[in-house]
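*Asks:* show me the folded form of this:
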Amino acid sequence: MAARQRTNFRPDVRKAARDRAAGKCEGVMPTGLRCEAVLVAGFYIFDHVLPDYLGGRADLDNCQVLCKDCDRAKTAADQSTIADTRRAFDAHHRLRSPRKPMAGGRYDRVRKGFDGITRDRVTGVVKSRPGSIDVRDL
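*Replies:* This next block holds a predicted model:
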């Protein structure tokens, strides 16, 4: 996904959102109740309801005024959602580097049997024999 520039709210949108908030935080607690914090100059944030990375626009409908505590909690939740979205995008478009299979695991190409012989898992061709050396052959 190409990196795109973060869109900030215009001053008129910020003013309208601050007026709508009427001096109170617009955050919603996990219990479903609205946060009771009073907005103090310098201690509130204009936040995207739907994160900018996920397509949220910089308009009044997508703007909310949050106290620092509510913003911290919402940002943590947004970051995990964004990370999940990035992982899904990368997996869908095969952008991740291929993983090496764990040695001896079921996705490893080589399989070692109970008899000590190592075989190719797909073709069954013998790769190596048990590692015993007879001293008389030297």
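
*Asks:* ok, the residue positioned nearest the centre of the chain to R6 distance?
*Replies:* The centroid of the chain falls nearest to A83 when counting by C-alpha atoms, centre = their mean (1.4 Å). Plainly put, A83 is 17 Å away from R6 if you go by C-beta to C-beta, to the nearest Å. Heads up, the C-betas are built off the backbone N, CA and C, glycines and all.

*Asks:* one more: F89?
*Replies:* 18 Å.

*Asks:* V125 now?
*Replies:* For V125 relative to R6 (C-beta to C-beta), the value is 55 Å.

*Asks:* same thing with V65?
*Replies:* 18 Å.

*Asks:* neighbour-wise, which of these two wins?
*Replies:* Set side by side, V65 and R6 show more neighbours around V65, with 23 against 10, by other C-beta atoms under 10 Å.

*Asks:* quick check: mean pLDDT of the helix or strand hosting T75?
*Replies:* Using DSSP states H and E, T75 maps to helix 68-92. Across helix 68-92, pLDDT averages out at 91.

*Asks:* name every strand pairing with the next helix-or-strand element following it and say which way it goes.
*Replies:* As assigned by DSSP H and E, the chain's next helix or strand after helix 68-92 is strand 110-112. As defined by DSSP bridges, the strand partners of strand 110-112 come to strand 118-120 (antiparallel).

*Asks:* roughly how far is the helix or strand that comes right after the strand it pairs with from the heart of the chain?
*Replies:* Counting by DSSP H and E, the next helix or strand C-terminal to strand 118-120 is strand 126-128. Offset of strand 126-128 from its chain centre (C-alpha atoms, centre = their mean, to the nearest Å): 42 Å.

*Asks:* dig out what V28 forms beta bridges with.
*Replies:* Bridge pairing for V28 - DSSP bridges - gives R34.

*Asks:* what is the neighbour count of it?
*Replies:* Neighbours of V28 using other C-beta under 10 Å come to 14.

*Asks:* residue contacts, C35?
*Replies:* Each residue near C35 by C-beta atoms under 8 Å, 6 or more residues apart in numbering is listed here: 24-29, 66-67, 69-70.
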